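Chemist: kindly return the folded structure for what I paste below:
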Amino acid sequence: MFVCLNKVTCVRMYNYVQEYWKEEIKKLKAKIKKATQQEAQELERRLKWMQETVA
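Modeler: Numbering: from 1, shown residues only. The predicted structure follows:
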């Protein structure tokens, strides 16, 4: 949730965050490939949550 001074600022902030959110998803996918089984499970949970919250 964003709380902004005006709609324009809110839209810009949303777009800014979406860019980095997608980058983080890519990084998580790469980490999962190199992680141990236990680490991979935790990373997969985080990845699933991140993918579900992308609008």
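Chemist: pLDDT weak spots in the chain?
Modeler: 55 (pLDDT under 70).
Chemist: just want the most central residue of it.
Modeler: Centroid-nearest residue in the chain, with C-alpha atoms, centre = their mean: Trp21, separated by 3.5 Å.
Chemist: ok, it to Gln38 distance?
Modeler: 25 Å (C-beta to C-beta, to the nearest Å). Using the backbone N, CA and C atoms, a C-beta is placed for each residue, glycine as well.
Chemist: neighbours around the closest residue to the residue nearest to the centre of the chain other than its chain neighbours, how many?
Modeler: Excluding its sequence neighbours, the residue lying closest to Trp21 (C-beta to C-beta, 6 or more residues apart in numbering) is Val54, at 6.2 Å. When neighbours are counted by other C-beta atoms under 10 Å, Val54 registers 9.
Chemist: contact partners for Val54?
Modeler: Contacts for Val54 (C-beta atoms under 8 Å, 6 or more residues apart in numbering) come out as Gln18, Trp21, Lys22, Ile25.
Chemist: okay, those residues in JSON lines with secondary structure and distance to Trp49 next?
Modeler: Putting the contacts of Val54 into JSON lines (DSSP: H, G, I helix; E, B strand; the rest coil; distance: C-beta to C-beta, whole Å) gives the following:
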{"residue": "Gln18", "secondary structure": "helix", "distance to Trp49": "16"}
{"residue": "Trp21", "secondary structure": "helix", "distance to Trp49": "11"}
{"residue": "Lys22", "secondary structure": "helix", "distance to Trp49": "14"}
{"residue": "Ile25", "secondary structure": "helix", "distance to Trp49": "10"}
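Chemist: I'm done for today, thanks for sticking with me.
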